[in-house]
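Undergrad: Okay, predicted coordinates and the sequence, questions at the end:
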Amino acid sequence: MKILVINSGSSSIKYKLFGMPAQKLQVKGAIEHIGEPRSKIKDHYTGLKEILQRSSSVHVVGHRVVHGAEEFRKPVVINNAVIAKIRQAAALAPLHNPANLVGILAAKKLLPGVKQVAVFDTAFHQSIPEYAYIYGLPYKYYTNYGIRKYGFHGTSHHYVAHEAASRLKKPLSRLKIITCHLGNGCSITAIDKGRSVDTSMGFTPLEGLIMGTRCGDIDPALVTYLMRKFKMSTHQIDDLLNKKSGLKGISGISNDMRVLQKRYNRNKRVRLAIDIFAYRARKYIASYIGIMDGADAIVFTAGIGEHQGSIRSRIWRRGGYSYLKKKPKVMVIPTDEELMIARQTYELVK
Ligand code: AMP
């Protein structure tokens with residue numbers, strides 16, 4: 001069975017075609033600059049048409065969808081009701097869900113009769129218990145408006161946890177794993193017996209760790225303080241916290257860890273940015289060891305997690321965790337969200 005996995009963004013479509021159940025990658029690529037003035041690709045429909053010419057005989061399509069709200073705990077076959085719910089969840093992910101939907105609608109039009117499956121970034125975290133996902137706000141903000149922790153990068157955390165279990169030759173259902181997805185966006189998840197029990201991102205992907213350009217955890221009162229002091233609009237606050245903060249904001253140089261790492265010994269603010277990044281990650285890992293009463297493995301993945309050994313060792317420090325009776329095994333596992341989407345799509349439709 002040939003499964004085409006699509007990750008449709010606002011101006012790009014990334015894709016991989018897998019032969020299942022062998023999990024053989026057959027074609028992969030990306031169409032970028034969709035709809036931009038000098039691009040030949042005017043819209044997602046044209047982009048997808050080109051992708052289908054490169055990928056022969058697609059049997060099923062698996063779509064990455066960022067936000068499934070509380071509606072979707074698992075992947076689903078897409079029908080009109082599912083489309084309506086993804087549209088509803090766009091209120092919670094205004095930058096992502098509409099772009100994911102455009103990809104779904106284009107695929108439906110171009111491949112009538114071919115099953116389409118939605119795999120949600122938030123779904124894996126739906127197992128987080130209520131005491132960990134409710135914020136300390138009046139409860140009605142949760143019941144009336146869905147304000148709670150959702151968590152993101154779920155497909156990546158789920159995938160690397162599975163791989164870790166298979167490398168450890170133990171069932172996932174008997175392991176406590178802490179997965180660290182450290183890329184431009186960063187999140188850490190506590191996975192107890194295969195279920196996400198807490199994760200560092202929250203209602204949006206802004207909460208938690210220091211990221212490339214996002215600030216992660218801050219005192220929420222800072223927002224109103226900044227608005228009052230500098231007469232900042234909500235748009236300016238959004239821009240400050242999401243695009244001008246994190247590694248980039250602290251270092252004043254770059255959001256790219258490769259660039260920063262080279263200057264660690266030469267630039268005080270770069271050193272500070274990296275030290276804060278590692279400290280925050282270490283703090284989350286320690287708190288997740290605390291809530292799970294230990295960890296069998298700590299897994300690093302994504303750009304920084306996979307490739308930057310010196311950052312990994314700043315986080316877990318060789319010889320660290322001396323307070324634990326049994327030390328976790330530290331592992332590096334490349335993530336493959338598309339393969340996880342193909343696997344889940346296959347399981348659903350086979
Ligand atoms: P991602 O969002 O997963 O693409 O990760 C982006 C971050 O990972 C950036 O901070 C990069 O500096 C870092 N990164 C990505 N690829 C590499 C690599 N091959 N070697 C070192 N760092 C990398």
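TA: Done, it's in. Numbering: from 1, shown residues only.
Undergrad: For the residue of the stretch 251-350 of the chain found nearest the ligand, which residues are in contact?
TA: Closest contact between the stretch 251-350 of the chain and the ligand, by Cβ to the nearest ligand atom, is at Gly303 (2.1 Å). To be clear about C-beta, it is placed using only N, CA and C from the backbone, and glycine gets the same treatment. With contact set as Cβ atoms under 8 Å, 6 or more residues apart in numbering, Gly303 has these partners: 182-184, 257.
Undergrad: of these, closest to the ligand?
TA: Gly183 (2.5 Å).
Undergrad: Give the closest residue to the closest one in space, chain neighbours not counted.
TA: Ala302 (3.5 Å; Cβ to Cβ, 6 or more residues apart in numbering).
Undergrad: What helix or strand is the residue of the stretch 251-350 of the chain closest to the ligand located in?
TA: helix 302-307 (DSSP states H and E).
Undergrad: And the next helix or strand past that helix?
TA: Taking DSSP H and E, what comes next after helix 302-307 is helix 309-316.
Undergrad: Show me what whichever helix or strand comes after that next one is packed up against.
TA: Moving toward the C-terminus from helix 309-316, the next helix or strand (DSSP H and E) is strand 329-332. The elements that strand 329-332 packs onto, with contact taken as 3 or more Cβ pairs under 8 Å, 6 or more residues apart in numbering; DSSP states H and E, are helix 154-168, strand 297-301, helix 309-316.
Undergrad: 10 Å - rerun?
TA: helix 154-168, strand 176-182, strand 297-301, helix 302-307, helix 309-316 (3 or more Cβ pairs under 10 Å, 6 or more residues apart in numbering; DSSP states H and E).
Undergrad: close to the ligand, is the longest one?
TA: No. Shown here: helix 154-168 not in contact with the ligand (Cβ under 6 Å from any ligand atom), separated by at least 9.1 Å.
Undergrad: how about that helix: buried residues?
TA: 154-165, 168 (16 or more other Cβ atoms under 10 Å).
Undergrad: If we ignore the residues flanking it in sequence, what's nearest Asp43?
TA: Gly35 (6.0 Å).
Undergrad: Am I right that the one you found is in a strand?
TA: No. According to DSSP: H, G, I helix; E, B strand; the rest coil, the state of Gly35 is coil, so it is not within a strand.
Undergrad: That one touches Lys42, doesn't it?
TA: Yes. In this structure Gly35 lies within contact range of Lys42 using Cβ atoms under 10 Å: 6.3 Å.
Undergrad: how long is stretch 322-333 from one end to the other?
TA: 24 Å (Cα to Cα, to the nearest Å).
Undergrad: what about stretch 210-226, start to end distance?
TA: 19 Å.
Undergrad: again with stretch 54-69
TA: Using Cα to Cα, first and last residues of stretch 54-69 are 33 Å apart.
Undergrad: Could you list the buried residues of that stretch?
TA: Buried positions in stretch 54-69, judged by neighbour count with 16+ other Cβ under 10 Å: 55, 58, 60-69.
Undergrad: now swap in stretch 119-134 and tell me
TA: For stretch 119-134, burial by neighbour count (16+ other Cβ under 10 Å) applies to 119-126, 128, 132-133.
Undergrad: As JSON lines, the buried residues of stretch 54-69 with secondary structure would be great.
TA: Formatted as JSON lines, those follow (three-state DSSP):
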{"residue": "Ser55", "secondary structure": "coil"}
{"residue": "Val58", "secondary structure": "coil"}
{"residue": "Val60", "secondary structure": "strand"}
{"residue": "Val61", "secondary structure": "strand"}
{"residue": "Gly62", "secondary structure": "strand"}
{"residue": "His63", "secondary structure": "strand"}
{"residue": "Arg64", "secondary structure": "strand"}
{"residue": "Val65", "secondary structure": "strand"}
{"residue": "Val66", "secondary structure": "coil"}
{"residue": "His67", "secondary structure": "coil"}
{"residue": "Gly68", "secondary structure": "coil"}
{"residue": "Ala69", "secondary structure": "coil"}
